[in-house]
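Visitor: sharing a model prediction with you, sequence too.
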Amino acid sequence: MVTLAAPDLRTEILRLKEERNAVILAHNYQVNEIQELADFVGDSLGLAYKARDTDAEVIAFCGVHFMAETAKIVNPDKKVLIPDLNAGCSLEQSCPAPRLREFLEQHAERNYYVVAYINCSAGVKALSDVICTSGNAVRMVESAPADRPILFVPDQNLGAWVMEQTGRKMDLWQGACYVHVEFTRDRIEQLRESHPDAAVVAHPECTYAVRMLADEVCSTEKMVDFARTTPASSIIVVTESGMLHRLRREVPEKTFIAGPTDTCRCADCRYMKLNTIEKLHDALLNLEPEVTLDEDLRRRAEKPILRMLELSR
Ligand code: 13P
Ligand code: SF4
């Protein structure tokens, strides 16, 4: 690893970005330093569109592996880098492709229409009919065929929220995000006592008890719109801690309070936080770690992603 002081490191990353004809895409949960350097910061849906539409030869993807893998699936001819290859996701891990295949084979008579949350591997995407993100899950389920039962994988909380919104019954895979299930109703209510005028915005990966007390439940991108438009001047943000950087930068006139978990004050996703500017620098310098994929798997995983991108416009 190259050791440079922070301002030099930032300058060097921007120089390498030009030299490599690279674009830096970052998820809303990345550390502040990465968000500040990125060409685009957004949610999974915005990042998927940006990855598909970029002219750059190299995509330096600062997020977790399934996000960078999605960028590679829609961009087979580009080099997709991720600062740390170990940046996984507990939702992805909760639904291994061989287990989903086995389940679908065992229940073949159901002829499931599989809606997969984008937080899953290419193997799971390849077994699915359509992909969704938290930003478009309601729309993807509303556009599912009415005559087929839906299996929603892998997040049971997002799936349950979509059922509440659409009235469509679905069978839910029992996966969960280890960060979002740590938020509890009791702790948020306690916090609300000291901030009685604050609005509460929560991610749909939170449990039912938490979603019930939120003023708004939405994707990370829609949290920015909510923060701009709510009359409340302070907002309790019930999602991963990185979101607070984005909100404070884009809506500086409001106060953002981190939603409390039961175990610690700050909800960091240990996978998202594996990415650092030092690792981003090294990735651009060495053009690795690179996300690669078997071409047959990539083609099968691409179909449900393209269906989502078409239906989502
Ligand atoms: P968003 O698509 O809402 O940004 O969510 C991604 C994620 O991983 C939430 O934990
Ligand atoms: Fe996965 Fe949860 Fe981390 Fe999002 S916050 S990347 S769902 S582990």
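Guide: Cool, the structure landed. Ligands and ions are numbered 1, 2, ... in the order given.

Visitor: counting by contacts, list what the host helix or strand of residue 285 packs against.
Guide: Counting by DSSP states H and E, the element that carries residue 285 is helix 277-286. Helix 277-286 sits against helix 6-20, helix 32-37, strand 58-62, with contacts defined as 3 or more Cβ pairs under 8 Å, 6 or more residues apart in numbering; DSSP states H and E. Quick note: C-beta positions are derived from backbone N, CA and C, even for glycine.

Visitor: residues contacting the longest one, please?
Guide: Among residues not part of helix 6-20, those counted as contacts by Cβ atoms under 8 Å, 6 or more residues apart in numbering are 4, 22-24, 33, 37, 57-58, 60, 277-278, 280-281, 284-285, 287.

Visitor: could you rerun that using 6 Å?
Guide: 37, 58, 277, 281, 284 (Cβ atoms under 6 Å, 6 or more residues apart in numbering).

Visitor: tell me the helices in the stretch 51-200 of the chain, going along the chain?
Guide: 65-73, 90-93, 97-106, 122-126, 137-142, 156-166, 185-194 (DSSP state H, counting those that start in this stretch).

Visitor: centre of the chain versus the very next helix or strand once past the helix holding residue 285, how much separation?
Guide: The first helix or strand that comes after helix 277-286 along the chain, using DSSP H and E, is helix 295-312. In this view, helix 295-312 has its centroid 17 Å away from the chain centroid, taken as Cα atoms, centre = their mean, to the nearest Å.

Visitor: cool, stretch 89-99 as well?
Guide: Put simply, stretch 89-99 sits 15 Å off its chain's centre (Cα atoms, centre = their mean).

Visitor: got it, and stretch 231-251?
Guide: Stretch 231-251 has its average C-alpha position 16 Å from the chain's average C-alpha position, going by Cα atoms, centre = their mean.

Visitor: and what of stretch 173-186?
Guide: Relative to the centre of its chain, stretch 173-186 is centred 15 Å away, using Cα atoms, centre = their mean.

Visitor: just the buried residues of it, please?
Guide: Under the neighbour-count criterion of 16 or more other Cβ atoms under 10 Å, stretch 173-186 has 173, 175, 176, 177, 179, 180, 181, 182, 183, 184 buried.

Visitor: which of those come close to ligand 2?
Guide: 177, 179 (Cβ under 6 Å from any ligand atom).
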